[in-house]
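Novice: Sequence plus the predicted model coming up.
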Amino acid sequence: DVAVGDPPEGAAELDARRGSDAAPALREREITLWDVMELSADPDDGVPDTNAAEWIEGFPRTFDAAESILADDGPVLNRAARCFLRQLAAEPDTLVWTNHGEETAQEVRERAETALAEVERGESLDPAEELAEAFVEEGINPGTTADRVAAALFVALERGLTV
């Protein structure tokens, strides 16, 4: 039950929602995971998947986010929250776009940008917490960004972040 858009034309049998039933079509077409990620990252029609883009671009957003966590100070949870806001403010979240449309994804990005500016002006993470609560109330889940920040935390831990 993944939240993905419809597959591109001619790729219905490769749809992620088919699960393992898509495997024979992948094998028959000799399509690799890289091929699927490349197609998903920049589809001719549909929502670009930024997590797929991470794969084919060498994880630049993930490594940038990890570096920002390492360069930040304070408790790890606060660093992760600030990193999340920076990542969400940088580009529309794929999962939000898929579930709620491009306009909502752009609004979410702008709201994150506003909350980030407030957080960076002060000492408090209250604007981030308020935004998170609002997203929960509105049924908005910026899960693609959350995936990337989780990956960045792993990279940061591997690079010496202490908890």
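Specialist: Great, that's in hand. Residues are numbered from 1 along each chain as shown.

Novice: now the strands: where do they sit in this structure?
Specialist: Remark: no strands are assigned in the chain by DSSP state E.

Novice: residues contacting L26?
Specialist: L14, V36 (C-beta atoms under 8 Å, 6 or more residues apart in numbering). Quick note: C-beta positions are derived from backbone N, CA and C, even for glycine.

Novice: Model confidence for the spatially closest residue to G143 that is not a sequence neighbour, exactly?
Specialist: Among residues not flanking G143 along the chain, L95 sits closest, at 4.1 Å (C-beta to C-beta, 6 or more residues apart in numbering). For L95, the model assigns a pLDDT of 92.

Novice: can you check the one 3 residues further on too?
Specialist: We have a pLDDT of 89 for T98.

Novice: isn't it right up against V47?
Specialist: Yes. Using C-beta atoms under 8 Å, T98 is in contact with V47, at 5.2 Å.

Novice: about what we covered before: and the residue nearest to G143, how far from V149?
Specialist: Distance of L95 to V149, given as C-beta to C-beta, to the nearest Å: 13 Å.

Novice: what does A80 give?
Specialist: Distance, A80 to V149, by C-beta to C-beta: 6 Å.

Novice: More neighbours: which of those two?
Specialist: Neighbour count, other C-beta atoms under 10 Å: between A80 and V149, V149 has more, with 26 against 19.

Novice: Next up, the contacts around the more buried one.
Specialist: A65, A80, C83, F84, Q87.

Novice: go on, E13?
Specialist: For E13, the contact set (C-beta under 8 Å, 6+ apart) comprises A22, A25.

Novice: Just the pLDDT for it.
Specialist: E13 carries a pLDDT value of 80.

Novice: what about W34, neighbour count?
Specialist: Neighbour number of W34 under other C-beta under 10 Å is 11.

Novice: same check, this time on D15
Specialist: By other C-beta under 10 Å, the burial measure for D15, its neighbour count, is 17.

Novice: Apart from its chain neighbours, what residue comes closest to L131?
Specialist: For L131, ignoring the flanking residues on the chain, the nearest one in space by C-beta to C-beta, 6+ apart is A115 at 4.5 Å.

Novice: Could you tell me how far the one you found is located from D21?
Specialist: Distance of A115 to D21, given as C-beta to C-beta: 41 Å.
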